[in-house]
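Visitor: I would like the atomic coordinates for the input below:
(one chain, ligands or ions: 1)
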Amino acid sequence: MTKCRIVAVIVAVSLTLSAGAFGAAKSKNRNPDHRKERIAAAACELTGRASVPDGDMALWYRQPAAEWVEALPIGNGRLGAMVYGGVNREWLQLNEDTLWTGRAIDRNRKDVTKALDRAREMIFEGKYVEAQAFVQENIMGTRVEKGLHTYQTLGDLELTFPERDKVSDYRRQLDLDTAVASTSYRAGNAVFTREVFSSPADQAIVMRLTCDKTGMITFDAALSRPADATVKVISADTIVMHGQVRASDKLPREGVPSADDGVEYSVMLRIIPDGGRLRTIGQTLKLEKANSATLVIVAATNYRGLEPRKICRKQLASAAKKSYRNLRSAHLAEHRRLFSRVTLDLGGVGAVNNPTDVRLNAVIDGGFDPQLIAQYFQYGRYLLICSSRPGNMPANLQGLWADGLIPPWNADYHININIQMNYWPAELCNLSECHEPFFDLIDGIRKRGRVTAKEMFGCRGFVAGHTTDAWLYGGIIGKAGYGMWPVGGAWSTRHLWERYLFRGDREFLKERAYPAMKESVEFFLDWLVENPKTGLLVSGPSTSPENKFSVPGGGSANLTMGPTMDQQIIYDLFTNCIEAAEILGVDRTFRRELQKTRDRLAPTRIGSDGRLMEWPEEFGEPSPGHRHVSHLYGLHPANLISITETPKFAAAARKTLDYRLANGGGHTGWSRAWLINFFARLQDGNACQDNIQALLANSTLPNMFDNHPPFQIDGNFGGCAAIAEMLVQSHAGEIHLLPALPDAWQTGEVTGLRARGGFEVDVYWKNGKLTKAVIASDNAATCKLHYASRTTEHKLKAGQTLSVDGKLKPAH
Ligand code: FUC
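Guide: Next up, the predicted model:
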């Protein structure tokens, strides 16, 4: 396995290009990271050693970012930036979460019911290879070429400073607790400091440049984009960049873009100086000899039908009239409102005195850094807060941050594991509000998935396949091998149910969760068919995400009737929907129908070698270490398999995992993160810890982003959720304290995790043993606690807090 060693680079920054040469329309450079060469072109010598940041919540470095995956992310859920922290040049690579090319198009193949029947027959007859070709030809909906419907960079803010050959005491950092990125260094006898944050309170990115000597702040500021941008000066202190995005560079870029191309956007930058001289030269703002300066950047698109320039003007007017101090304190309060709900201390001292890249290298060399693990956990929470706030788009494959015009997989919303993994920490790690953009996405795909269900398959309800995008299609599209998969919507609705379980909000269950779950169920009531050999109900043709099997008689294929994951997701959906209907006291007849159908679903089976079967037959596996471990859905995220309730299946799951790992499994970050969640559910803390080490050593980039070249955020979120799952679990009707504590985590504490039933949980342990737990209950409820082999029950009133000792006895 390749280790991504993190190389500390003395970075070079220069003034080689004028802002005009970096001008948007002229630039040919569409690839991430087009700044790299210019960063490396001129050296700025860094000497001396900056002091260490306060606290243990900072990612920090002794050199500027030399490439995008070293830059530091800020975001307010909608407007984000990657901050490079250069000395002679600063870049903020900008993103706005609705900046998408393309538009909503119809991707549905009309009435494929006959073809569906035929494909099913072929599979039941064992003609897998032929059936897959037939499905491709006759069923799959329209696939849009990569880059045509894609998320893109909003552009760059570039600051150019008077060139310096040498600075000392350089440090850049991202403080997770304040969500402020800062850069500071000494040049001659002056200390320069830059702070930047993306404010959820004021919907603006705000940057402040200061110096401990007067009249020292001099820079040029320019906005640019690799394509499709016009930059204009609108007043002596403000520039605007606007345009309409266009679908990838494969399309002819001449002429006026049409509505098919994508959104219109606008970015505005204002400089508010203290002293000095501010003027415009060309499209550049030029500030000389100021004492300090505040930059306000706002951006918007017309994705929701509003005129982006109008939105920008309003946002700018409102933010720019506030003092920097007020902007900063409003930002801090809003960030901390969410961030400070959870604390985690896994012990360890001293490691925080080293820069983050040095610490990651030490882990690559086999070191154990519990403070880094705690920070990885909090970074996951930070990233969710910054990329998924109510009213905005959900966290995409890269959260909010993507460079260039064609990011990997269009930085879309894959719903065959990735977006779900993004939201695993949401409830557990006390960020329930951050879950909401995903719920909105589910509502969106329900609308279009309803049309797909009817038009393509003649089914009621709604269906969604393996992926969707900002245009919210619910189609079954692309290559049959990965695209013929009808359970993406069903899996997504589990998140609505989980929200109810964690929060106990009946109104939410009634108005939002149940209708979506029921609509998904309706699809499967029409979709499932009887396997003629067994008489059991199966879903198909469908893939076990994105794995393939060897076909007896030659070749390989992906599609079967009743792959284990489909069956588990449908069983899970039906079970949860029945329970929801019972709680709400509705749909008695429907419930009965559901129970009957659920009891006829083909069950998960254990193969002759003791592993869980991924497909209905024991096929050969060309990829035995495959990154998806779909057939263990029942173990995690669902609760169909557990050590206590279904020990045989839990043992088979364990064998499955061991086999996957022995064959090179866990090679992508998100896959490794899922493994940790599985081992947490199997209550094997040491296996969790081994895999956390592997996640940090093999799949974590210098800025702690999850590596799936260049970056995919799901591993960050999956890893964060897994660390919480090791400390508190609540999927089995009780709050299990320290279910998977590794030997290496001898002493520690976590506060503020959430448990199903409406509880908030703090846990303290010493020498590997529970010493205390504090449970606060939102509702009047019975709280069942479990630790080691002991279980106790406690009746709590709404708002009551219970404190127990290491034996689960109430302590006062
Ligand atoms: C799934 C995974 C890939 C990648 C893609 C975005 O299809 O199999 O590894 O994460 O989503």
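Visitor: now for Val349, how many residues are close by?
Guide: 9 (other Cβ atoms under 10 Å). (Glycine included, C-beta is placed from N, CA and C.)
Visitor: quickly find the element holding it.
Guide: Counting by DSSP states H and E, there is no helix or strand that carries Val349.
Visitor: who touches it in this structure?
Guide: Gln371 (Cβ atoms under 8 Å, 6 or more residues apart in numbering).
Visitor: repeat that for Ile713.
Guide: Leu383, Ser387, Ala395, Asn396, Leu397, Gln398, Gly399, Asn422, Phe705, Asp706.
Visitor: what's the spacing between it and the ligand?
Guide: As defined by Cβ to the nearest ligand atom, to the nearest Å, Ile713 lies at a distance of 10 Å from the ligand.
Visitor: surely Ala227 is in contact with Arg246?
Guide: Yes - using Cβ atoms under 8 Å, Ala227 is in contact with Arg246, at 6.9 Å.
Visitor: if we look at the ligand, which of the contacts of Ile713 are close to it?
Guide: Leu397 (Cβ under 6 Å from any ligand atom).
Visitor: looking at the contacts of Ile713, spot the one nearest the ligand.
Guide: If you rank these by distance to the ligand using Cβ to the nearest ligand atom, Leu397 comes first, at 5.4 Å.
Visitor: give me the nearest residue to that closest one, chain neighbours excluded.
Guide: Distances taken as Cβ to Cβ, 6 or more residues apart in numbering place Ala411 nearest to Leu397, at 4.9 Å, with adjacent residues excluded.
Visitor: number of nearby residues for that neighbour?
Guide: Neighbourhood size, Ala411 [other Cβ under 10 Å]: 28.
Visitor: show me the contacts for the residue of the stretch 451-600 of the chain found nearest the ligand.
Guide: Going by Cβ to the nearest ligand atom, the ligand is nearest to Glu546 of the stretch 451-600 of the chain, at 4.9 Å. Neighbouring residues of Glu546 by Cβ under 8 Å, 6+ apart: Asn416, Gly481, Tyr482, Asn558, His626, His628.
Visitor: ok, residues contacting stretch 298-318?
Guide: Residues beyond stretch 298-318 that count as contacts (Cβ under 8 Å, 6+ apart) turn out to be 79, 94, 96, 98-100, 154, 202-205, 238, 240, 242, 263-268, 270, 296, 319, 470.
Visitor: which members of these occur in helices, if any?
Guide: Ala319 (DSSP state H).
Visitor: which of the contacts of stretch 298-318 fall in strands?
Guide: Of the positions in these, 79, 94, 96, 204-205, 238, 240, 242, 264-268, 270, 296 sit in strands, assigned by DSSP state E.
Visitor: of those, buried ones?
Guide: Burial by neighbour count, 16 or more other Cβ atoms under 10 Å: within these this picks out 79, 94, 96, 204-205, 238, 240, 242, 264-268, 270, 296.
Visitor: can you redo the contacts of Glu546 as TSV with neighbour count?
Guide: Shown next, in TSV, are the contacts of Glu546 (neighbours: other Cβ atoms under 10 Å):
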residue	neighbour count
Asn416	22
Gly481	19
Tyr482	20
Asn558	25
His626	21
His628	24
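Visitor: return the member of these nearest to Gly664.
Guide: His626 (9.3 Å; Cβ to Cβ).
Visitor: what's the closest non-adjacent residue to the closest one?
Guide: Asn547 (4.7 Å).
Visitor: so what's that neighbour up against?
Guide: Asn558, Glu614, Glu621, Ser623, His626, His628, Ser630.
Visitor: kindly report the same for Val761.
Guide: So Val761 contacts Val728, Ile735, Leu737, Gly752, Leu753, Arg754, Ala755, Ala773, Val774, Ile775, Ala776 (Cβ under 8 Å, 6+ apart).
Visitor: and the residue in the stretch 151-300 of the chain positioned nearest to the ligand, backbone torsions?
Guide: When scored by Cβ to the nearest ligand atom, the stretch 151-300 of the chain has Tyr151 as its residue closest to the ligand, at 12.5 Å. The phi and psi values for Tyr151, taken as degrees, to the nearest 10, are phi -70, psi 150.
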